[in-house]
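Novice: fold the following and give me the result.
(one chain, ligands or ions: 1)
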Amino acid sequence: MTTLDELPIRDDLRGLSPYGAPQKHVRIALNVNENTHGIPEEVVDHVLAALGSAVRGMNRYPDREFTELREHLARYLSGPEGTIHPEQVWAANGSNEILQQILQAFGGPGRSVLGFPPTYSMHSILAAGTGTRWIAAERDAAYEISVPTAVAAVEAHRPDLVFLCAPNNPTGTPLTIDVIEAVYDATDGIVVVDEAYAEFMPDDAPSALTLLPGRPRLIVSRTMSKAFAFAGARLGYLAADPVIADALRLVRLPYHLSALTQAAAIAALQCAPQMLAMVDEIRGQRDRLIRDLPALGFTPLPSWSNFVLFGGVEDPHRTFEALLAEDILIRDVGIPHHLRVTAGTEEETTAFLEALGRIRA
Ligand code: PMP
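Specialist: Have a look, this model is predicted:
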């Protein structure tokens, strides 16, 4: 058997580990922060009809500029806080690919990206894949980032890009808009705000989208994978100055969004209210986790997302395995004495809390 080490792989990839959220077939999967509510049947029918028409045209390449999809995404993002125009929007196969394209265009060998771990594990993995140096900056207590902490890190390291995650994964903790503003002012580089969980934020919390006017180096990354209940379709997108899309056109693969992806995403966006109908319910289950975990002896962190990181776990590996034995999959994110759980349906959340109570007893 040939080992990876024997291949002439890039030296800077030797010894690295791939993204590795365990994939297991379980009754209750609360491990990768999906929307665990099924897609409503009327939306399924609408998406299927759109896919049918797309298949009839599949002898041709898809629209390389995904014009119609960008119009729908722009409409979805526009709201009381302001208007987003289609030329400000760019999309790819998941926000992972969005972030990869950003690093391909603005990072690369000799360049650096600064992030604030613990944060989304793909940020540093994508940096490695694109040969961009990853700089890990410190957070304050309780995983927060204050303006002085963020600005000091940017001024000390002078990175080419800064990745901010708002709210942050895996901690769920918020990032206030003044930090994003201050980071933008402190750098000449690109500032990326990963808002994968934006729809779960409090209704009165402003998104980084409100900062876009007059800030051409700011990119707000979003996804249909979380609140929008469309993780399997792989559709991520960003909003930024239109010039950012010009940069990404230099690195994207031609026709990177398949006709099927575009058709499915447009159809789902046409049903946005139905797709987002469960967001309030999920926020309720998240708040219930935060309310009920202390009675079991755990210490949940505040969360603006659809998951909760909780401390006070004596042996995370043992608790993870004990839950798995009950057919419940959550996530050990490698933070000592902590585990992360996605807020599921009411039944799933109940099953998780009851199982945890039994394990604890
Ligand atoms: N950003 C964050 C913070 C995430 O947690 C995730 C998914 N776990 C992503 C981006 C990527 O999501 P997707 O590629 O499905 O859009």
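Novice: Arg133 is in contact with Ala127, correct?
Specialist: Yes. The pair Ala127 / Arg133 is scored as a contact, 7.1 Å apart, by Cβ atoms under 8 Å. C-beta coordinates here come from the backbone N, C-alpha and C atoms, glycine included.
Novice: looking at the two, which one has more neighbours?
Specialist: Legend: neighbour count by other Cβ atoms under 10 Å for Ala127 and Arg133, higher for Ala127 (25 against 18).
Novice: now do the contacts for whichever residue of the chain sits closest to the ligand.
Specialist: The nearest approach of the chain to the ligand comes at Gly94, 2.7 Å away (Cβ to the nearest ligand atom). Contacts of Gly94 were listed using Cβ atoms under 8 Å, 6 or more residues apart in numbering, and they are Thr223, Ser225, Arg234, Leu235, Gly236.
Novice: give me the subset of those that also touch the ligand.
Specialist: By Cβ under 6 Å from any ligand atom, the members of those lying near the ligand are Thr223, Ser225, Gly236.
Novice: my read: the second one touches Glu34, true?
Specialist: Yes. The pair Ser225 / Glu34 is scored as a contact, 7.1 Å apart, by Cβ under 8 Å.
Novice: what do the two both touch?
Specialist: With Cβ under 8 Å, 6+ apart as the test, Ser225 and Glu34 both reach Ala231.
Novice: who has more neighbours out of the two?
Specialist: Taking other Cβ under 10 Å, Ser225 and Glu34 do not tie; Ser225 has more neighbours (23 against 18).
Novice: which pLDDT does the model give the closest residue to that one other than its chain neighbours?
Specialist: Nearest residue to Ser225 in three dimensions, chain neighbours excluded: Ala231, at 3.9 Å (Cβ to Cβ, 6 or more residues apart in numbering). Ala231 carries a pLDDT value of 97.
Novice: show residues contacting stretch 78-88.
Specialist: Stretch 78-88 is contacted by residues 67, 70-71, 73-74, 77, 206-207, 209-210, 212-213, 239-242, 245 when judged by Cβ under 8 Å, 6+ apart.
Novice: out of those residues, which are close to the ligand?
Specialist: Among those, no residue sits close to the ligand (Cβ under 6 Å from any ligand atom).
Novice: in helices, which of the residues you listed fall?
Specialist: Counting by DSSP state H, the part of these found in helices is Thr67, Arg70, Glu71, Leu73, Ala74, Leu77, Pro242, Ala245.
Novice: for the fourth one, give me its contacts.
Specialist: If I follow you right, that is Leu73. Counting by Cβ under 8 Å, 6+ apart, Leu73 has contacts Pro86, Val89, Ala91, Tyr237, Leu269.
Novice: what do you get if the cut-off is 7 Å, keeping everything else the same?
Specialist: Val89, Ala91, Tyr237, Leu269 (Cβ atoms under 7 Å, 6 or more residues apart in numbering).
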